[in-house]
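Visitor: Fold the following and give me the result.
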Amino acid sequence: MRGKRSKQYRKLMEQFSMTFGFREPYQILVDAEMIKDANRFTMDLAAGLQRTVHGKVKPLITQCEIRKLYADKDQPGGNAAIELAKTFERRRCGHHPDQYPKPLETMECIRSVVDPKSTGENKHRYVVASQSLDVRRMLRGIRGVPLIYIKRSVMILEPMADESVQIREREERRKFRAELKNTLGKRKREEKEERNDGEGNDDDSGSDDEAVQQGEAAPASASEKKPKKNKGIKGANPLSMKKKKPQQAPKKDAGKKPEAVPDAPAKRKRRKKAKAENGTTSNVSESGTAVPANFGEES
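Guide: Purely as a prediction, here's the structure:
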């Protein structure tokens, strides 16, 4: 069995289990034609059924179907089919040979086992393995019946019928609503408990002496709500705002060098005295020009 088909069959049987309550070992009703075809293809029928439904199986065969195999024992492979059917568990359908000399048709026999009261429900959770197309078409009208057949030596599990799909969708919606209701109810209970706890704390915080003085024995009811205070329009959070940087005045004399301010007083200029040839002295300034000593004196 290929991986993709095997995965689909596993998922399909899980849906049958969750919606209709199928459990292992799965009870599988096998008809006479299914046993003949499995014997002709040399298939291990029990192992193939187990691989298809992905679980333990309990193959069953009705009294009418095994009577059909005994009636065809003279045909090629008849004895091998009978020996294979003997390994399966016998399912009593109530069609005894004294009342029904001829075995009933496969459709009538299997329908009487799967849905004995004609309620359209697979009460005993049977899986039906049949090679008859008419039988499978009839069983699609009964809710919750997995169908198996052999095609070219490959065992196939049919998709869920429309009746079963509607039941599964309705069940999923019901479970979803129930889960949603439980969640909402739990949330409401938690909110109610929180309100009760808050009211209890408020009652405990009050002073007993004040209650005695005012004569108020009962606290305010829970239905009364405190009026909300209007605090005005809220501004921006000052902590989250960036501070403005102080603006610096542009430097006008950016290219000029700052003038040095002398800290100490200016030095006194020194004058040198030079003797002239005529014997007079003259003061020589630092620039080199001679000045007579009596320059500036009154004659």
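Visitor: and residue 108, what element?
Guide: According to DSSP states H and E, residue 108 maps onto helix 106-114.
Visitor: what helices or strands is that helix leaning on?
Guide: strand 26-30, strand 57-62, helix 63-71, strand 126-129, helix 133-139 (3 or more CB pairs under 8 Å, 6 or more residues apart in numbering; DSSP states H and E). All C-beta spots, glycine's among them, are computed from the backbone N, C-alpha and C.
Visitor: ok, now with 6 Å
Guide: With contacts taken as 3 or more CB pairs under 6 Å, 6 or more residues apart in numbering; DSSP states H and E, helix 106-114 sits against helix 133-139.
Visitor: Next secondary structure after the helix it packs on?
Guide: Following helix 133-139 in sequence, per DSSP H and E, is strand 147-151.
Visitor: Now do that following strand and strand 26-30, the angle between them.
Guide: 50 degrees (axes from the mean of the first three to the mean of the last three CA atoms, to 10 degrees).
Visitor: now the helices for this structure?
Guide: 3-20, 32-40, 45-53, 63-71, 78-86, 106-114, 133-139, 162-205, 208-214 (DSSP state H).
Visitor: how about TSV for those helices, with mean pLDDT added?
Guide: As requested, the helices of the chain are arranged in TSV below (pLDDT from 0 to 100):
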stretch	mean pLDDT
helix 3-20	90
helix 32-40	93
helix 45-53	93
helix 63-71	92
helix 78-86	92
helix 106-114	93
helix 133-139	93
helix 162-205	70
helix 208-214	48
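Visitor: Ok, which of the ones you listed comes nearest residue 99?
Guide: Nearest to residue 99, of all these, is helix 63-71, at 11.4 Å by CB to CB.
Visitor: Would you indicate which residues of the closest one are buried?
Guide: 63-69 (16 or more other CB atoms under 10 Å).
Visitor: which residues sit against the helix holding residue 108?
Guide: Outside helix 106-114, the residues that touch it by CB atoms under 6 Å, 6 or more residues apart in numbering are 31, 62, 64, 93, 122, 126, 132, 134-135, 138.
Visitor: Now, of those, which are buried?
Guide: For the contacts of helix 106-114, a burial check counting by 16+ other CB under 10 Å picks out 31, 62, 64, 93, 122, 126, 132, 135, 138.
Visitor: And the last one, how close does it get to residue 107?
Guide: I take that to be residue 138. 6 Å (CB to CB, to the nearest Å).
Visitor: now, which of the buried residues of helix 63-71 sits nearest residue 241?
Guide: residue 65 (88.6 Å).
Visitor: Tell me if I'm right that the closest one and residue 31 touch.
Guide: Yes. Using CB atoms under 6 Å, residue 65 is in contact with residue 31, at 5.3 Å.
Visitor: tell me, what residue is most central in this protein?
Guide: residue 176 (14.8 Å; CA atoms, centre = their mean).
Visitor: rewinding a little: distance to residue 48 for the buried ones among the contacts of helix 106-114 - can I get that in a markdown table?
Guide: Converted to a markdown table, these look like this (distance: CB to CB, whole Å):
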| residue | distance to residue 48 |
| --- | --- |
| 31 | 15 |
| 62 | 20 |
| 64 | 23 |
| 93 | 24 |
| 122 | 22 |
| 126 | 18 |
| 132 | 18 |
| 135 | 19 |
| 138 | 24 |
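Visitor: just the residues you listed now: which is nearest residue 232?
Guide: Closest approach to residue 232 among the buried ones among the contacts of helix 106-114 (CB to CB): residue 122, at 70.9 Å.
Visitor: correct me, but that closest one touches residue 144?
Guide: Yes. Taking contacts as CB under 6 Å, residue 122 lies within contact range of residue 144: 4.5 Å.
Visitor: Is it correct that residue 55 is in contact with residue 22?
Guide: No. Using CB under 6 Å as the test, residue 55 is too far from residue 22 to be in contact (8.8 Å).
Visitor: Among those two, which residue is more densely surrounded?
Guide: residue 22 (21 against 16; other CB atoms under 10 Å).
Visitor: Would you check how far apart residue 132 and residue 125 are?
Guide: Using CB to CB, one obtains 21 Å as the distance from residue 132 to residue 125.
Visitor: same thing with residue 131?
Guide: 22 Å.
Visitor: Of the two, which one has the most company?
Guide: residue 131 (20 against 17).
Visitor: Please list all residues in contact with the more buried one.
Guide: Contacts of residue 131 (CB under 6 Å, 6+ apart): 33-34, 37, 149.
Visitor: For those, please prepare CSV with the additional fields neighbour count and distance to residue 79.
Guide: Listed next are the contacts of residue 131 as CSV, based on neighbours: other CB atoms under 10 Å; distance: CB to CB, whole Å:
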residue, neighbour count, distance to residue 79
33, 20, 17
34, 27, 17
37, 17, 16
149, 21, 24
